[in-house]
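Participant: Next input, structure requested:
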Amino acid sequence: MKLKVTQENLNKALGLVARVASARGTLPILSNVLLRIDDNRLSVSATNLDIAISCQLGAQVQLEGSITVPARLFQDLVNSLPSGVIELEQDDQRLKITTDSYKSVINGVAADEFPVMPAIESGTSWKLSGPTLKKALQQVLMAASNDESRPVLTGVLFQTVDGALYVAATDSYRLAEKRLAEMKQDIKLLIPATALHDVLRIINDFDGDIMVEHDDQQVRFQAGDVELVARLIEGNYPDYRKLIPAKFATTATMPRAELVSVTKVSSLFARESAGSVVVSVDEPSESIWIRAVASQLGENNATVKADVTGSGSITLNSRYMLDALQAMDGKTIRVGFNGKLEAVMFTDNDSDDYLHIIMPLKS
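Facilitator: Numbers count the residues shown, from 1 in each chain. Below you'll find the predicted structure:
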């Protein structure tokens, strides 16, 4: 293998790909990236056996070939080099990296030892706009669980309901659901949240369509020259739609920015009590109160004028509240709840395609 490539393009490709390479895996080669010539372009790939990312970039190819090199060292080296042209040349299982001022050699491993994700056989394919998928992932990923003892909840559910594609995540303490687009195909995929965080990085600056293909075991996201393949999570996702209340005894509609502000201030006093704040809706005064008490530090009371129906109080995690509020775009939001131990729903008053539910704390 012998080729020339720009430092900017190679550095960007490694930034997208190398994070997946795992130095802690049982197979040492999983800490490497695979470099190979594919259709007269340089392909850069990495995998941890659950997720694989590959990126193709333009190059002046003189000789074809393939090699794997340590991801961390190669990425740090390329990132440290000045902008301009880099020459990569394979010498048996060594990779020579040359610029006008630098000459480096990295010891590699034969490419045929690098694991390859199985091909998606007779899969279903569809597409979404990059900005639409990006916004949806930003709004739901925070609600996925990190608890590996309940693997189903570490995933994000993509499913069609009544001709529309929805994406949802829950850790059993909160739930976020977003309606993405009209979709005729019948889709039900449980995708690891870790893989979708990588998808979010890949599509961060991508404005085109994302091609999605999947079978019963894997899903592939294609965004321009970058491709991510991930194994699907097996298991039945909880029927979360049963948790969505149909009506509320108490509701309050108010400016989102004002509620964010008072929740942030109250959260400072709620650190001592694991973030818990008391949210009180009062119909006679047409206001919503947020109170936090820290026995060692003091207490805070804050109020926002609101359009209120009914009165009541509920105890919530202030961090979960902020996550929900900051995931929304509208100027006004609506909060609805019933009893002290029933779910609280946050919705954007200007849009009906997103909802966020938080389970209350025992006060």
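Participant: alpha carbons only for contacts and neighbour counts from here, please
Facilitator: OK.
Participant: Now for T332: which residues touch it?
Facilitator: For T332, the contact set (Cα atoms under 8 Å, 6 or more residues apart in numbering) comprises T253, M254, P255, R256, D348, N349, D350.
Participant: quick one: contacts for the residue nearest to the second one when sequence neighbours are not counted?
Facilitator: Think M254. The spatially closest residue to M254, leaving aside those adjacent along the chain, is A306, at 4.7 Å (Cα to Cα, 6 or more residues apart in numbering). By Cα under 8 Å, 6+ apart, the contact list for A306 reads A252, T253, M254, P255, E286, S287, I288.
Participant: Pull up the gap between the most far-flung residue of the chain relative to its centre and T6, please.
Facilitator: Using Cα atoms, centre = their mean, the residue of the chain lying farthest from its centre is P284. It sits 41.7 Å away. Relative to T6, P284 is positioned 66 Å away (Cα to Cα, to the nearest Å).
Participant: mind checking the SS state of S266?
Facilitator: Assigned by DSSP: H, G, I helix; E, B strand; the rest coil, the conformation of S266 is helix.
Participant: and it, how many neighbours does it have?
Facilitator: Burial of S266 is recorded as 24 neighbouring residues (other Cα atoms under 10 Å).
Participant: so it makes contact with W289?
Facilitator: No - proximity of S266 to W289 does not meet the contact threshold set by Cα atoms under 8 Å, at 10.4 Å.
Participant: Overlap in contacts, the two.
Facilitator: N301, A302.
Participant: ok, L30 - contacts?
Facilitator: Contacts for L30 (Cα under 8 Å, 6+ apart) come out as A21, S22, A23, A46, T47, N48, F114.
Participant: And the pLDDT at it?
Facilitator: L30 is assigned a pLDDT of 94 by the prediction.
Participant: rewinding a little: per-residue pLDDT of the residue nearest to M254, please?
Facilitator: So, for A306, pLDDT stands at 95.
Participant: for S363, same thing?
Facilitator: What the model reports as pLDDT for S363 is 64.
Participant: before we move on, back to that, in a strand, that's where the residue farthest from the centre of the chain is, yeah?
Facilitator: No - going by three-state DSSP, the assignment for P284 is coil, not a strand.
Participant: For stretch 106-124, what is the distance to the chain centroid?
Facilitator: Taking Cα atoms, centre = their mean, to the nearest Å, one finds stretch 106-124 lying 24 Å from the centre of the chain it belongs to.
Participant: Brilliant, that's me finished.
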